[in-house]
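Undergrad: Sequence and predicted structure, then a few things I'm wondering about:
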There are 2 protein chains.
Amino acid sequence: MTSAEPTDAAIEQALKAPRIAVSSVAPLVECGQFPAKHLLGQPLAVAADIFVDGHAQLAATLLWNRPATWDWVPLPMHPLGNDRWEAILTPQVPGRHRFAIEAWIDEWETFRHDLSAKNAAGAATAVDMRDGIQLLERAHDTRRAEAPRIADLLRRLETAPPEECTAILLADDTAELVARLQPRPFLTRFASIFRLEVERTAAAFGSWYELFPRSQSNVPGRQGTFDDVIARLPAIKSMGFDVLYMPPIHPIGYSKRKGRNNNPQAGPGDVGSPYAIGNADGGHDAVAAELGGLDGFRRLQTAASQAGIELALDFAIQCSPDHPWLEQHPGWFSRRSDGSFRCAENPPKKYEDIINVDFYGADEPRDLWLALRDVLRFWIAEGINIFRVDNPHTKPLPFWEWIISSIRRDHPQVIFLAEAFTRPAMMARLAQVGFSQSYTYFIWRNSRSELADYMTELTAGPAKDFFRPHFFVNTPDINPYFLQTSGRPGFLIRAALAATLSGLWGIYSGFELCEAEPLPGREEYLDSEKYELRARDWNAPGNIVNEISRLNLIRRSNPALHSHLGLSFLEVGNDRILYFAKATTDRSNVLVIAISLDPHAPQQAILQIPFHLVGAADDAALEVEELMRGARFAWKGNRQHWYFDPLELPFAIWRLPAAGASWTH
Amino acid sequence: MTSAEPTDAAIEQALKAPRIAVSSVAPLVECGQFPAKHLLGQPLAVAADIFVDGHAQLAATLLWNRPATWDWVPLPMHPLGNDRWEAILTPQVPGRHRFAIEAWIDEWETFRHDLSAKNAAGAATAVDMRDGIQLLERAHDTRRAEAPRIADLLRRLETAPPEECTAILLADDTAELVARLQPRPFLTRFASIFRLEVERTAAAFGSWYELFPRSQSNVPGRQGTFDDVIARLPAIKSMGFDVLYMPPIHPIGYSKRKGRNNNPQAGPGDVGSPYAIGNADGGHDAVAAELGGLDGFRRLQTAASQAGIELALDFAIQCSPDHPWLEQHPGWFSRRSDGSFRCAENPPKKYEDIINVDFYGADEPRDLWLALRDVLRFWIAEGINIFRVDNPHTKPLPFWEWIISSIRRDHPQVIFLAEAFTRPAMMARLAQVGFSQSYTYFIWRNSRSELADYMTELTAGPAKDFFRPHFFVNTPDINPYFLQTSGRPGFLIRAALAATLSGLWGIYSGFELCEAEPLPGREEYLDSEKYELRARDWNAPGNIVNEISRLNLIRRSNPALHSHLGLSFLEVGNDRILYFAKATTDRSNVLVIAISLDPHAPQQAILQIPFHLVGAADDAALEVEELMRGARFAWKGNRQHWYFDPLELPFAIWRLPAAGASWTH
C-alpha cells in the first residue's frame, strides 16, 4: 500500500520531535526573520505559549545573551495563565542580543501537585508516597553536592509515618532540592533563536531641528557657514531640541545644477541643491568649502556637543555629474545605450543633476558597497552617530540590512533614520532590515479618524516591535497643505500632535515662524532653501517658539512622552478633538491630552478623564496639573469641561497624580 | 577596528540575497510551521506582498503542485495594489499540496512604462528608443522559436521613423514576445515553500448525529445492536444528517467496570462505559459481540452507505484493565512504584476502568505508535473514513502530527475530528498538527457578545486558516446548563445557532426530544447512556424533529452555510438577538439570519437588512424568502420589523436574491 521508507523516517523524526510546544513568542518580527527592537536599560517582557499534552506541570527558562557572545544567561519564566509564560529581561549594552526558550516537564512538581490534591481529599495512599520516593531516588546523584541531603531525606522517608512522609514530599525545601538536581525530561531547547536589536534611548526619543547651514547667516544673500550655525545653537537648545540635522554638507555639483525653485537652468550665483553631491573638491567624505570645510564642521561638532546637541548628517547615496566617483569608478554607475550615465528619473521627470549608483553593476559592486560603508565610517570617526538616510526605498534592501548591521556591530551607538515616503510594505521592511527610526505618513494625517487609525496601526499592530515613527511636522520637501491655510493655530496643533503622539518629532526651520508660503497649488515651499539661500528673522512676531520650548520641556520631564507606545484613545463627543492618554508601562507617569484639530474655530467638549488609569474612582477628587499653562486644578469627578481656543492654545496636557498619590473620595 | 572575516562573509551573502521582498504570504499558519487547510475544488486566493527598491516593474508567479509530486505548475500572480499580489488556485485532488512564489524584475515592462510616460509628455528621445532596442537585442536568442520575430522587429526598428519605433516598442505584441523570452533578473524563488492540506468537502461541511448503538432497541432494558441502528437510519436521514457517529463499539472491560451514573461499583448486568476499551474478546480492532460483532458492523456500514450516511468511529486511545495489550505489550503502559499499571487520573479523581498508554515508554514506543496506526488502517479497510478522536490533548502532539500525516498520505479522504475541550493554545495546535475539525467552546457560548467574540476569533483571526469548528449542541459528556432550564425554545435556539454559524454541527441523540434532565447541579445527563442502556420514544411530543430536518435541508441547499466563514455580524438594537449575514465569497448565496437568544420571552427588533450585500440600494424593493417558514416577502426598503416568539420559532433565515436578480427602485 505504501513504501516503507519515508514512513519509517517520519516515525523516527516524530519520536524525537519536541513534545512540548513553544509558540506565539513575543516580541517576534516577521516570524523571526528580523530582530525585534528594544531600548537599553528598559525592561522587556518576553512571552510565549508553552504547553504539553496531559496535565503534567511544566517549567521554562528564557535564555539570553549579549552582543557577540554565546554565553546564555538563564531567567526563569513565570506562568501568566492560559499557557502563557513570561520573563522580563533588561539589556545593559546596546547591540544585537539573542534569546531562546527552553521548557521541560517538571516531574517533581507534577507529583507534588497530584499528591497535594489527593492529600487534601484524604485519598493519598502508600503507593502515592512510594511513587514520590522512587522519583527522589531517580534524582539522587552521589556525585552532586546535594547528595547528602537527598540521602538524608530518603532515610527519613524509609521509616517515617505517613503524615511525616507526606509533609516531606510536599515541602518547599524538598522541591527546591529536587529542582537543583532534576533531569529535564522532554527538554525543548533552541528550537528557534530569536534576535533583539538593542539601541540607545535616542533611537526612540528625541526632538529634532533641521536646518540648512548655508541659510544661517541671517543676512539676505550672504552664504551661511558652520560658524553661523554655532551662533544659532543657544536658540535651538533653548527651544529644547536635542538633535540638529543638516541636509548634505558636501561639495555641490556644477553640471546641470538646479536654479531657484527647481529651475532646470541655474543662474549665475545659484547655489544648487545640496543633494547633487560632489564636485572636483570631493564627494561624500568632503565638506563644502563655502560652509567652512571640515575644520568648520569640526568646530560646529565641538560646539554642539558642548551645548548638549547631537548632530545628525544626511546619508544621500547619489552623485552629481561632477562627483569624483564617476571618473574613478565608472563601473559603479549604469549607462544608457549611448554610453552616457543614467540620471535619476521618475518618468517623464528627469533629475539631471543627480546620477544614481548601480548597486548590482557589472563591475565589482562589492567595492561600491564597501566604499559606502567607508563613507559612514569616516563620519563616525568624526563623531557623527545619527544618519538620516535619504530615499532608502530606492536602494536595495539587502544593502541596508548589510550596511546597518555591519556598522552597528562595531558602533552600536549609531542610529539610522529612514527617509522613505512610499507604500506601507516597503516602509515596514526598511524598519525591519535595521533602520532605527522612520519617516511616516503623519504629515498627511489630519482628521481624528486618520490620526487614530494610523496611531493604532503603529502602536497595536506588528509594527510596534520594529517601527519607530519619527513625526516631522514639515520637511524641505513637504509644505503640508494643512499648514498652508491653517495659520498659526495649525502650527500649534501639528506641533502638539507630533510632540505628544511620538517619542520622536522634528521641525524643519521656519516652522517655528509659521512659514507656509507654497509654490502655488503644490505641497512645496516657495523659494525653497533646497535651491537658494534664505535669511530669516528668528524673532518674527507670531512665532511659536515659546510653545515649542514648553512642549519639549514637557516631553523631557514626562517619560510617557518618550515613546509612541503606551497610547490609548479616549471617547469624546466632538470629532474635531483628538483625546488620548499616554502612560508609562508602570503607570508612574500618566498624561491625558486633548488637541483640537480645528485651527479655524473654537471647540469644546465634556471630557471623561480616565481616573481609572491612576486607580482613582470616577467620583474621586484629583489634583491635576495642566502642563502647558502650568496651572493646577482640583478636579472633583471625572467629567470636565474644556474650551479649546485656536487663538490662544488649542490643546491641553494634563498630568494625573501617580496612583495613590493625592486624591480623596 | 573589526576582524575582516565575518564582514567579508556578510557582504558576499548580502550581494546574493534576494533583492525582491516577498512577505505576508497568505494563507500561512504559524509562520509556515504547519500547512494551511483548504477544500477540494474550491478556489483559494494565495496572496503576498511583493516589492523591490526603486520603481522597477515586477512580475510574479505562484508555483504549486499536487500531493507527492514536485511538478510545479505556474500561475501568474496579479497585482491588487499597494504591493499586494494574488493568484487563485483550485486544487483538484485531496492531500498535501505545496506552493511557492517567484518574482522578478520585469525590465521590458519597466522600460515600456517609462517610455509610455515620456511619450505622453512628448519627452521621449532617440536614446530612449535605443535603450529599448538594446533590451530587445539582449533578449534575442537565436536558439528560441521566437527568434525570427524578434529579428524582424529589430530590423524594422533599425530604419523606422521615431513614431513607428515608439509604436513597436510600446506594442502589446512586442511585450508578449519579450515576456516569453526574457531573462528574469533578480529572480526570487523558493525562498520558502508553503504547505496546503486539501481535504474533501465533508471536512468542513457536515451534519452529524451521535448515538449509542446499544440504546437503539427502543425496548427498555433490551441491548440494542447494529441492526437496531439500521432500523433508525431512515429517521436519521430524514432529519437531514449525513454523518452517523458512534462512541467506541469495542468489547468493554469487566475489571473496575463503572455502574450507572458513574458509580465506581458496577452492579450485576451493568453494561459499563464503552470508553473502557478491551476485554478477552479483543481490543481496538474488535467489535463488541453484544452489538452484533464485526458482521453486524459490516451490515450497518452497508446500510448506512446505501442510505447516504457516512459512519464515523471513535478513536479512543485507552484500555480497560482487561485489554489484551496489557498482557501482550506491558511495556506500552506505565507502572507505578508497586508495579501496578497506572490508571487514568485527574487527582484526586481516579478512573480505574481506564489504563492509558505511555507514548514514550522505555520499551519500544514505536511499536505502540505503529500498532495504533494499524488500528486506524484496520477501520479504514472496513470503510471508515471519519474518526472522532477522544481527548487528543492528553496524547503527544508529535504523535498526532505523525499519525495523521501518515494516514492521510495514503488515504487523503480520511477526516479527523479532535474532541479536545481544553485551553485555547492546545485547541489551536491540535488543528495545526492535522486535525480536520475540532470541538469548540460553542457549547458554553450563549450571550450575544460571547457568540460574536468567539465567532470573530474563529473567522477573522489566524484560526480561519486551520481551525474548522464543529458545533455540537450537546454530547454524552455535556448537558449544557442553558438547555437544562430553557425548555424546547432553547433547543430550537441552539440548533439554529449551530446549524447556521458553522459548516459542521451535530446533535447527540435525545437533543431532538429536548432531553435535558441533569445529574443535579452538574453539566451531566442523569442516567447517562455512557453507563447504561436507554430506550426512547422517538416520536415523543414536543420534539423538534421537523425544525432540525428543515435546518439541515436549508443547510444543504445554501452554500453560505457550508462553512463558518463568510460571516458578518450586523447591528441590532436588541442584545438578546444575534443578527448576522452569511455569504459565499462570490455572493451568489447571501443569507440574513436573526436568532433570538431568549428562550423565555418574545423579542423584537427593527432589522436593518444589508441590501448592499446583493448590490441593492437601501430603499430598493427586494423579494426575500424566509427559509424556515417557506414564506416570500416583498421588502420595500431595508428596515424591517420582526417578532421572535420562543413558543413558535425564535429565529428566521432570509435568503436575499442574488445580485441584480429581482429588485426595483
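TA: Structure received. Numbers count the residues shown, from 1 in each chain, chains lettered A, B, ... in the order given.

Undergrad: count of neighbours near A:Arg138?
TA: Counted with other C-beta atoms under 10 Å in any protein chain shown, the neighbours of A:Arg138 add up to 14. For glycine as for every other residue, the C-beta is placed from the backbone atoms N, C-alpha and C.

Undergrad: oh sorry, the question was meant for A:Arg156
TA: Counted with other C-beta under 10 Å, residues neighbouring A:Arg156 total 12.

Undergrad: same deal with A:Arg522?
TA: When neighbours are defined as other C-beta under 10 Å, A:Arg522 has 11 of them.

Undergrad: Next, the contact list for the closest residue to it other than its chain neighbours, please.
TA: Leaving aside its sequence neighbours, A:Arg522 sits nearest to A:Asn479 (C-beta to C-beta, 6 or more residues apart in numbering or on different chains; 7.9 Å). With contacts defined as C-beta atoms under 8 Å, 6 or more residues apart in numbering or on different chains, the neighbours of A:Asn479 are A:Ala516, A:Pro518, A:Arg522, A:Glu523, A:Glu524, A:Tyr525.

Undergrad: Residue in the stretch 451-600 of chain A with the shortest distance to chain B?
TA: Taking C-beta to the nearest C-beta, chain B has its nearest neighbour within the stretch 451-600 of chain A at A:Pro462, 9.6 Å off.

Undergrad: number of nearby residues for the closest residue to that residue other than its chain neighbours?
TA: Nearest residue to A:Pro462, sequence neighbours excluded (C-beta to C-beta, 6+ apart): A:Val29, at 7.2 Å. Per other C-beta under 10 Å, the neighbour tally for A:Val29 reads 22.

Undergrad: Test my guess that A:Val29 contacts A:Gln432.
TA: Yes. If you go by C-beta atoms under 8 Å, A:Val29 and A:Gln432 touch, sitting 5.9 Å apart.

Undergrad: Name the residues contacting each of those two.
TA: Common neighbours of A:Val29 and A:Gln432 (C-beta under 8 Å, 6+ apart) are A:Phe466.

Undergrad: Correct me if wrong: A:Asn638 contacts A:Ile606.
TA: No. A:Asn638 lies out of contact with A:Ile606 (C-beta under 8 Å); the separation is 10.4 Å.

Undergrad: Looking at the two, which one has more neighbours?
TA: Set A:Asn638 next to A:Ile606 and count neighbours by other C-beta under 10 Å: A:Asn638 wins out with 17 against 11.

Undergrad: List the residues that contact the more buried one.
TA: Residues counted as contacts of A:Asn638 (C-beta under 8 Å, 6+ apart) are A:Gln608, A:Ile609, A:Pro610, A:Phe611, A:Ala616, A:Asp618, A:Asp619, A:Ala620.

Undergrad: 6 Å instead?
TA: Shown in contact with A:Asn638 (C-beta atoms under 6 Å, 6 or more residues apart in numbering or on different chains): A:Gln608, A:Ile609, A:Phe611, A:Asp618.

Undergrad: List the buried residues for stretch A:245-261?
TA: A:245-253, A:255-260 (16 or more other C-beta atoms under 10 Å in any protein chain shown).

Undergrad: and the two most separated of the residues you listed?
TA: The span of the buried residues of stretch A:245-261, defined through C-beta to C-beta, is set by A:Tyr245 and A:Ser255 at 27.4 Å.

Undergrad: sorry, back to before: so among the contacts of A:Asn479, which ones count as buried?
TA: Of these, these count as buried by 16+ other C-beta under 10 Å: A:Ala516, A:Pro518, A:Glu524, A:Tyr525.

Undergrad: rewinding a little: report the beta-bridge partners for the residue nearest to A:Pro462.
TA: When assigned by DSSP bridges, A:Val29 has beta-bridge partners A:Phe34.

Undergrad: Please pick the buried ones from the contacts of A:Asn638.
TA: Looks like the contacts of A:Asn638 have A:Gln608, A:Ile609, A:Phe611 buried, using 16+ other C-beta under 10 Å.

Undergrad: Looking at those, spot the one nearest chain B.
TA: Of all these, chain B sits closest to A:Gln608, with 22.3 Å by C-beta to the nearest C-beta.

Undergrad: And the pLDDT at that closest one?
TA: On pLDDT, A:Gln608 comes in at 96.

Undergrad: The strand ranked longest in chain A and chain B in contact?
TA: With secondary structure taken from DSSP state E, chain A has its longest strand at strand A:95-105. No. Judged by C-beta under 6 Å from any C-beta of the partner chain, strand A:95-105 and chain B are separated, with a smallest distance of 10.2 Å.

Undergrad: show me where the stretch 451-600 of chain A has helices.
TA: Ranges of helices in the stretch 451-600 of chain A, per DSSP state H, counting those that start in this stretch, are A:481-501, A:545-557.

Undergrad: Can you tell me which of those is packed in deepest?
TA: helix A:481-501 (a mean of 22; mean count of other C-beta atoms under 10 Å in any protein chain shown).

Undergrad: Report the angle between that one and helix A:545-557.
TA: With axes from the mean of the first three to the mean of the last three C-alpha atoms, to 10 degrees applied, the angle from helix A:481-501 to helix A:545-557 works out at 30 degrees.

Undergrad: Which neighbouring elements make contact with helix A:481-501?
TA: Judged by 3 or more C-beta pairs under 6 Å, 6 or more residues apart in numbering or on different chains; DSSP states H and E, the packing partners of helix A:481-501 are helix A:545-557, strand A:590-596.

Undergrad: what would the ones you listed look like in JSON lines with mean pLDDT and distance to B:Gly240?
TA: Conversion of those to JSON lines gives the following (pLDDT from 0 to 100; distance: least, C-beta to C-beta, whole Å):
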{"stretch": "helix A:545-557", "mean pLDDT": "98", "distance to B:Gly240": "66"}
{"stretch": "strand A:590-596", "mean pLDDT": "98", "distance to B:Gly240": "58"}
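
Undergrad: Quick one: those as TSV, columns for distance to B:Ile236 too.
TA: Below are the helices and strands packed on helix A:481-501 laid out as TSV (distance: least, C-beta to C-beta, whole Å):
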stretch	distance to B:Ile236
helix A:545-557	71
strand A:590-596	62
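
Undergrad: Minimum distance to B:His470: which of these has it?
TA: Comparing the helices and strands packed on helix A:481-501 under C-beta to C-beta, the one sitting nearest is strand A:590-596, at 46.0 Å.

Undergrad: And the closest one, what's buried?
TA: Of the residues in strand A:590-596, A:Val590, A:Leu591, A:Val592, A:Ile593, A:Ala594, A:Ile595, A:Ser596 count as buried by neighbour count, 16+ other C-beta under 10 Å.

Undergrad: Show me which of the residues you listed is closest to B:Asn218.
TA: Looking across the buried residues of strand A:590-596 and measuring by C-beta to C-beta, the closest to B:Asn218 is A:Val590, at 69.2 Å.

Undergrad: for the closest one, what are its contacts?
TA: By C-beta under 6 Å, 6+ apart, the residues touching A:Val590 are A:Ala583, A:Leu613, A:Val614, A:Leu656.

Undergrad: Run through the bridge partners of it.
TA: Beta-bridge partners, per DSSP bridges, of A:Val590: A:Ala583, A:Leu656.

Undergrad: and if you look at the one 4 residues further on?
TA: Counting by DSSP bridges, A:Ala594 is bridged to A:Tyr579, A:Ala652.

Undergrad: Pretty sure it sits against A:Tyr579.
TA: Yes. In this structure, A:Ala594 is within contact of A:Tyr579 by C-beta atoms under 6 Å, at 4.7 Å.

Undergrad: one step back: which residues are contacting the longest strand of chain A?
TA: Residues from elsewhere that reach strand A:95-105 (C-beta under 6 Å, 6+ apart): A:20, A:22, A:48, A:50, A:56, A:58-65, A:67, A:91, A:184-190, A:193-198, A:412.
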